[in-house]
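A.B. asks: Task: produce atomic coordinates for the following.
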Amino acid sequence: MRNSLVMMYTQSGDILSSELVFEGIVDKNIVSWTVMVGGYVQNGLYKEGLSIFRRMVSSGTQPNAVTLMSILPACIGLNFLNFGKLIHGYGVKLGLDSDIPLVNSLIALYGKCKDVKRARSLFDQMDTRDLVSWNAMIVTYEQSGFTCTSLGAVSMGEWVHEPVIMIGACGNHGHGKVAHELFSNMVEEGVRPNMFTITVVLTTSRHSDLLEEGKKYYESMIRHYSVLPGIEHCACLVDLLGHADLLVEAYEFIKRIPVKPDDCVWGALLGAYRVHGNLEFAELVAEHLFILDPQNTTYYILMWNMYANAGSWEDVETLKKLMNEKELKKIPSHSLVEIDKRFFQLLSMPKLCPL
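C.D. replies: Residues are numbered from 1 along each chain as shown. Presented below is the predicted three-dimensional model:
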């Protein structure tokens, strides 16, 4: 009964009440400890979660797979890879190293901490892999910052890799082909991808400039996997097409997608028009965004920048007036400089913002 109360309080975010009930339990069992550990972690109290886990171990209570899985997100959140390794070792010692959900969580831990070699080693040692296993490994490649010449480079624990440079905020790690190869292997093993998996491979297509591959995966969603494209998939493909300067194709694609385009989809297209300097089409897209998300100043600033870069100062003033009428946040004081035939806006903040 008290364990249920602890769970109820933690799920509602009432940590203080859950602590009071928990401390009142005289004979705490593994369920009591696991619920409290998970409660702290689920509420973002990672250090408290680690502390209560240590208390549990010191009390002589042996954790189970669920307990270890509950504490791993804290290791990820705090980037405590060494503590995560201890959890891994604990799992091996307790004979839990074949527990699929636990191994999946460990792969996610090592991937988040960019220890790709260890993540891949765990993955290769699994006798049975589920969709979560494949998702975790694909995400590990997507966020790692390492690329491998091929999946065949992994043999008997050997790992052949080369560092790549992270360019810009998009996180272009240049290893989309590796993730795509993993995806193909996953399908060959009979594991059907879900919406999340396809979102990941579409994202890696964008980050690695793999236009044709990205289009192929999008088109195969319905034909091969019976997955109806969602907003996130459509936004990914618009971003991919826009990055390749296929602006007309991106616009036509939005007109025929099976879902109603939202600000994410139109915003991806506006960003592409911004990069390629297509002011006329940007104005059409901005009209959609001003209706869909009228209080988001980002789109106004983008148009402001495009108008200024084109020297359309009347449009800048019109846009400024519109923002004032809508009582949007005032644009910081700024000045304009020209560098290599492009205008840049120097804001009062210490940042150079290209227009």
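A.B. asks: For Met306, give me its contacts.
C.D. replies: Neighbour list for Met306: Tyr273, Arg274, Gly277, Leu279, Ala282, Leu355 [criterion: CB atoms under 8 Å, 6 or more residues apart in numbering]. No exception for glycine: its C-beta is placed from N, CA and C like everyone else's.
A.B. asks: what does Ser70 give?
C.D. replies: Thr34, Val37, Gly38, Val41, Gly49.
A.B. asks: From Asn3, how far off is the last one?
C.D. replies: Using CB to CB, to the nearest Å, Gly49 is found at 17 Å from Asn3.
A.B. asks: if we can go back for a sec, need the contacts of Met306 in JSON lines (columns: pLDDT and distance to Val26).
C.D. replies: Conversion of the contacts of Met306 to JSON lines gives the following (pLDDT from 0 to 100; distance: CB to CB, whole Å):
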{"residue": "Tyr273", "pLDDT": "90", "distance to Val26": "66"}
{"residue": "Arg274", "pLDDT": "88", "distance to Val26": "63"}
{"residue": "Gly277", "pLDDT": "86", "distance to Val26": "71"}
{"residue": "Leu279", "pLDDT": "90", "distance to Val26": "72"}
{"residue": "Ala282", "pLDDT": "92", "distance to Val26": "67"}
{"residue": "Leu355", "pLDDT": "37", "distance to Val26": "67"}
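A.B. asks: Give me the residue ranges of this protein where confidence is low.
C.D. replies: 142, 144-176, 207-208, 329-355 (pLDDT under 70).
A.B. asks: Would you map the strands across it?
C.D. replies: 146-148, 161-163, 334-339, 342-347, 352-354 (DSSP state E).
A.B. asks: Have a look at Gly49 and Asn3 and say which one is more surrounded.
C.D. replies: Neighbour count, other CB atoms under 10 Å: between Gly49 and Asn3, Gly49 has more, with 25 against 18.
A.B. asks: wait, the more buried one sits on Val37?
C.D. replies: Yes: applying CB atoms under 8 Å as the test, Gly49 and Val37 come out as touching, 5.4 Å apart.
A.B. asks: coming back round to it: of the contacts of Ser70, which belong to helices?
C.D. replies: Judged by DSSP state H, helices contain the following of the contacts of Ser70: Thr34, Val37, Gly38, Val41, Gly49.
A.B. asks: Weed out the non-buried ones from those residues.
C.D. replies: Among the ones in helices among the contacts of Ser70, those scoring as buried are Thr34, Val37, Gly38, Val41, Gly49 (criterion: 16 or more other CB atoms under 10 Å).
A.B. asks: gap between the last one and Ala282?
C.D. replies: The span separating Gly49 from Ala282 equals 47 Å under the rule CB to CB.
A.B. asks: thinking again about what came up before, same list (the ones in helices among the contacts of Ser70) but as TSV, adding distance to Tyr218.
C.D. replies: Below are the ones in helices among the contacts of Ser70 laid out as TSV (distance: CB to CB, whole Å):
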residue	distance to Tyr218
Thr34	41
Val37	40
Gly38	37
Val41	35
Gly49	39
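A.B. asks: joint contacts of Gly49 and Val37?
C.D. replies: Common contact partners of Gly49 and Val37 (CB under 8 Å, 6+ apart): Ser70, Ile71.
A.B. asks: just to revisit the earlier point, widest-spaced pair of the contacts of Met306?
C.D. replies: Of all pairs drawn from these, the widest gap by CB to CB lies between Tyr273 and Leu355 and measures 13.5 Å.
A.B. asks: Which one of the two is surrounded by more residues?
C.D. replies: Set Tyr273 next to Leu355 and count neighbours by other CB under 10 Å: Tyr273 wins out with 24 against 20.
A.B. asks: Find the nearest non-adjacent residue to that one, please.
C.D. replies: Spatial nearest neighbour of Tyr273, chain neighbours left out: Ala282 (3.9 Å); criterion: CB to CB, 6 or more residues apart in numbering.
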